[in-house]
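Q: Have a look at this prediction, sequence included:
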Amino acid sequence: MEKHIIGRGLVAGALGGVLAFVWSWIFIEPLINRAIDYEDAVSAAHQAAEHGGHAHVHDHGGGGGFEITRTVQSTIGLGFGVVAFGVAMGALLAVLFCVAYGRIGSLSARATGALLAGGMLIALWIVPALKYPPSPPALSLDETIQQRTLLYLLVTVLSAALLVGSVMLARKLTPKFGAWNAALIGAADYVVSVAVMFLLLPTISETPGPITDAEGNVLLEGFSADLLYEFRLYSVGTQVVMWTTIGLVFAALVSRLLDQKQQDQIPA
């Protein structure tokens, strides 16, 4: 039975990945192109500042090596990466469903699948993005990439662990306070724990400001706040589209599977 459940998780994940790719290609890719244009403008502005206001363009040539074009990155590369991620998350959801089903109250298979998907969206994406939001090209320093990656992984792991702890707390308190009140206490525990985690972890802010020459003349304005806002908003939208699709599709498929199994077990 577990193999059938995981198979349905893979199907849900693939569909969620496809829809997330479409969303990303429509809304995020144009923003990335604008960010890349800004990155090129930063290089030109620095050259202009170094050479008294005159930028020098250097042709590096192709070098004869294989180079992945921007078109390939924004289509095949993006599609493969997003769909593969969706499939992996669908499989993870299915595994967690196998562990949690029947152990978190008297929830149906459909409700369990949907709630697990919602919890994964919050713990694995929304919360980490609140502390360390995604950034387009030209917005981060190369020398801090390792630090930023480790901090993001840390906050993701801690967020997931805190959510599991809050769910276990709610289960423990259910006999005493009732299911609804225990769920509210668990939710409050998670919110407070995340707030403390945010206060303890360092903040990273690397948004480029204006570039000026030796006389103080502005050669290039700082990175557009509107562009940054739209990129982060649509990035969250990508995950919402993916996880909503995964959750709804998986919940429907696994509910049908288990309902059919129960019917087969009923003696004629």
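A: The structure has been received and is ready for your questions. What you see is a predicted model, and the numbers here were worked out from it, not measured in a lab.
Q: ok, residue 182 to residue 119 distance?
A: According to C-beta to C-beta, to the nearest Å, residue 182 and residue 119 sit 16 Å apart. Placement of C-beta: from N, CA and C, glycine included.
Q: Correction: the previous question concerned residue 223.
A: 34 Å.
Q: what does residue 178 give?
A: 21 Å.
Q: quick check: domain ranges of this structure?
A: What the TED database lists as the domains of the chain is 1-45+73-139+224-267, 141-204.
Q: Now do the SS call for residue 44.
A: The three-state assignment at residue 44 reads helix, by DSSP: H, G, I helix; E, B strand; the rest coil.
Q: Which pLDDT value does the model give it?
A: The model reports residue 44 with a pLDDT of 75.
Q: ok, it - how many residues close by?
A: 16 (other C-beta atoms under 10 Å).
Q: what ranges do the helices span in the chain?
A: Taking DSSP state H to define them, one finds helices in the chain at 2-23, 29-50, 70-72, 78-100, 109-121, 127-131, 145-177, 179-200, 225-265.
Q: Need these in CSV (columns: distance to residue 206).
A: Converted to CSV, those look like this (distance: least, C-beta to C-beta, whole Å):
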stretch, distance to residue 206
helix 2-23, 26
helix 29-50, 13
helix 70-72, 23
helix 78-100, 24
helix 109-121, 26
helix 127-131, 15
helix 145-177, 9
helix 179-200, 18
helix 225-265, 11
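Q: Quick check: which of those is nearest to residue 208?
A: helix 29-50 (6.6 Å; C-beta to C-beta).
Q: buried residues in that closest one?
A: Using 16 or more other C-beta atoms under 10 Å as the burial criterion, the residues of helix 29-50 that qualify are 29, 31-32, 34-35, 38-39, 41-42, 44-45, 47-49.
Q: now swap in stretch 85-95 and tell me
A: 85, 86, 87, 89, 90, 91, 92, 93, 94.
Q: next one: stretch 223-239
A: Per 16+ other C-beta under 10 Å, stretch 223-239 contains these buried residues: 223, 224, 227, 228, 230, 231, 232, 234, 235, 236, 238, 239.
Q: hang on, the earlier thing: tell me the most buried of the domains of the chain?
A: Mean neighbour count (mean count of other C-beta atoms under 10 Å) peaks for domain 1-45+73-139+224-267 among those, with a mean of 18.
Q: Name the surrounding residues that touch stretch 76-93.
A: Residues outside stretch 76-93 that contact it (C-beta atoms under 8 Å, 6 or more residues apart in numbering) are 6, 9-18, 20-21, 24-25, 29, 68, 113, 116-117, 120, 238, 242-243, 246-247, 250.
Q: Relative to residue 74, which of the buried residues of stretch 85-95 is nearest.
A: Distance ranking of the buried residues of stretch 85-95 against residue 74, using C-beta to C-beta, places residue 85 first at 16.1 Å.
Q: Can you give me the distance of the closest one to residue 124?
A: Taken as C-beta to C-beta, the span from residue 85 to residue 124 is 11 Å.
Q: Over to residue 1?
A: To residue 124, residue 1 is 26 Å away according to C-beta to C-beta.
Q: okay, and for this structure, where does confidence drop off?
A: Along the chain, the parts satisfying pLDDT under 70 run over 46, 48-67, 70, 105, 138, 212-214, 216, 219, 260-268.
Q: Spatially central, which residue of it would that be?
A: residue 125 (4.3 Å; C-alpha atoms, centre = their mean).
Q: looking at it, that residue is touching residue 239, isn't it?
A: Yes - using C-beta atoms under 8 Å, residue 125 is in contact with residue 239, at 4.4 Å.
Q: Need the domains of the chain in CSV (columns: distance to residue 210).
A: Listed next are the domains of the chain as CSV, based on distance: least, C-beta to C-beta, whole Å:
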stretch, distance to residue 210
domain 1-45+73-139+224-267, 9
domain 141-204, 17
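Q: Right, I'll leave it there.
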